[in-house]
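Peer 1: With the sequence up front, the predicted model follows.
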Amino acid sequence: MWPDSLVREIVEKRCIIHLGAGMSCQALDENGNRPPSWESLLNILKDSTLNNSSDKVLVDEFISQKRYLDAAEVIRTKGSPAEYNAKIRETFIDNNFLPSDAHKDLVNISPRIFSTTNYDTLIEGAIIENAGHNSFTQYEHTREGLLDSIRSPSTILIKMHGCAKHAANTILSRSDYFNLRKKNRSFFELTSSLYKLNTVVFIGCGIEDPDINLILENNNIETGTTNPSYAMVGSKSYAARIKDTIKSQYNIELIIYEQKDEDDHSNFPLKIKELRDKVDLIRAKYGLTS
């Protein structure tokens, strides 16, 4: 169940909703295909960017060990940059995935800030469909002006790992992440501050995923506050099995949806709708608008 205190944080615009790859996997293209998971993406990039068979074997080894950042490092350092850029754009833009009902429900919840590590344009599409092209301001690590927007009333979308439209600047590997902190220090420090000062709800993120671990570690969400952040996860997920550890290490409370097995996400959109309904109820109760 979504806590009343969290719902009030959302209604009062003190909450960041962070979207991971699991959120994108709710979407479909016209042929019923879904965007790839991170593991699937690494396999796609391995086949399209690497020519050396030993490099491909090394990537396969890292993927089998779930060392995704190391696999990404091989792809980024040994693969063709031109093929990488083309495949990222083809995968996330040219395939024309459409926002899911879950994307639309989250947009209707109307948080002050969305952030995402996804490359696709699904959340942008849902926001535009809901309120038009001029209803939000989007920032990647290469764009200045985030601080000014935070001080304004507009909705903000922060694409922490870049966008497939600008594939060369996407963040995939460990060295990409290091360069983000080194070359775009003000962006990194500002986003770190936002994560410390606001309640964060992680949706579609595996807490065990390397990119999320890096965010949690570098943004130090486990600072000494009694107010937790939240993550929505499946009942059969690894995160659900280490619930107490996640709470003590990161001060993150888990919002759990039921699963028959690890691949069952049929209740994912229902849990998002449950949140939207609860937000709508609180807004109606207090006569608030989105």
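Peer 2: Structure's in. What do you need? It should be emphasised that the depicted structure is a prediction, and the values quoted were computed from it without experimental measurement.
Peer 1: Restricting to C-alpha, output stretch 16-23 in CSV.
Peer 2: The C-alpha atoms that make up stretch 16-23 are tabulated as CSV, following Å, rounded to 0.1, in the frame of the first residue of the first chain:
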residue,chain,number,x,y,z
ILE,A,16,10.9,13.2,-7.3
ILE,A,17,9.7,10.2,-9.3
HIS,A,18,12.7,8.3,-10.8
LEU,A,19,12.0,6.0,-13.7
GLY,A,20,14.2,3.0,-14.5
ALA,A,21,14.2,0.4,-17.4
GLY,A,22,11.3,-1.5,-15.8
MET,A,23,9.1,1.5,-16.5
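Peer 1: Strands of the stretch 151-290 of the chain, start to end?
Peer 2: Under the criterion DSSP state E, counting those that start in this stretch, strands of the stretch 151-290 of the chain are mapped to 155-159, 199-203, 229-234, 252-257.
Peer 1: what sits up against the second one?
Peer 2: It refers to strand 199-203. Strand 199-203 has contacts (CB atoms under 8 Å, 6 or more residues apart in numbering) with 6, 9-10, 14-20, 22-23, 106, 212, 221, 227-232, 252, 255, 272. Any C-beta I mention is one placed from the backbone N, CA and C, and that applies to glycine too.
Peer 1: re the thing from before, Lys66 is nearest to which of the strands of the stretch 151-290 of the chain?
Peer 2: Closest to Lys66 of the strands of the stretch 151-290 of the chain is strand 229-234 (CB to CB; 16.9 Å).
Peer 1: Neighbouring strands - and their directions - for the closest one?
Peer 2: strand 199-203 (parallel), strand 252-257 (parallel) (DSSP bridges).
Peer 1: What separation do you get for Ile44 and Phe92?
Peer 2: 11 Å (CB to CB, to the nearest Å).
Peer 1: before we move on, the earlier item: put the buried members of the contacts of strand 199-203 into a PyMOL selection.
Peer 2: Of the contacts of strand 199-203, the buried ones go into a single PyMOL selection, burial set by 16 or more other CB atoms under 10 Å:
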select buried, resi 6+9+10+15+16+17+18+19+20+22+23+106+212+221+228+229+230+231+232+252+255+272
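Peer 1: Any chance of CSV for the strands of the stretch 151-290 of the chain, columns mean pLDDT and distance to Gly32?
Peer 2: Putting the strands of the stretch 151-290 of the chain into CSV (pLDDT from 0 to 100; distance: least, CB to CB, whole Å) gives the following:
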stretch, mean pLDDT, distance to Gly32
strand 155-159, 94, 26
strand 199-203, 94, 23
strand 229-234, 94, 22
strand 252-257, 94, 23
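Peer 1: between those, which gets nearest to His133?
Peer 2: Of the strands of the stretch 151-290 of the chain, nearest to His133 by CB to CB is strand 155-159, at 12.2 Å.
Peer 1: Just the helices from the stretch 1-150 of the chain, written as ranges.
Peer 2: Using DSSP state H, counting those that start in this stretch, the helices of the stretch 1-150 of the chain run over residues 4-11, 21-24, 38-49, 53-64, 68-78, 81-89, 101-109, 122-131, 146-150.
Peer 1: Check the offset of the shortest one from the chain's centre.
Peer 2: In this case it means helix 21-24. 7 Å (CA atoms, centre = their mean, to the nearest Å).
Peer 1: which other helices and strands contact that helix?
Peer 2: Judged by 3 or more CB pairs under 8 Å, 6 or more residues apart in numbering; DSSP states H and E, helix 21-24 is in contact with helix 122-131.
Peer 1: Of all the residues in the helix it packs on, which ones are buried?
Peer 2: Leu122, Ile123, Glu124, Gly125, Ala126, Ile127, Ile128, Asn130.
Peer 1: Can you check which helix is longest in the protein?
Peer 2: helix 268-286 (DSSP state H).
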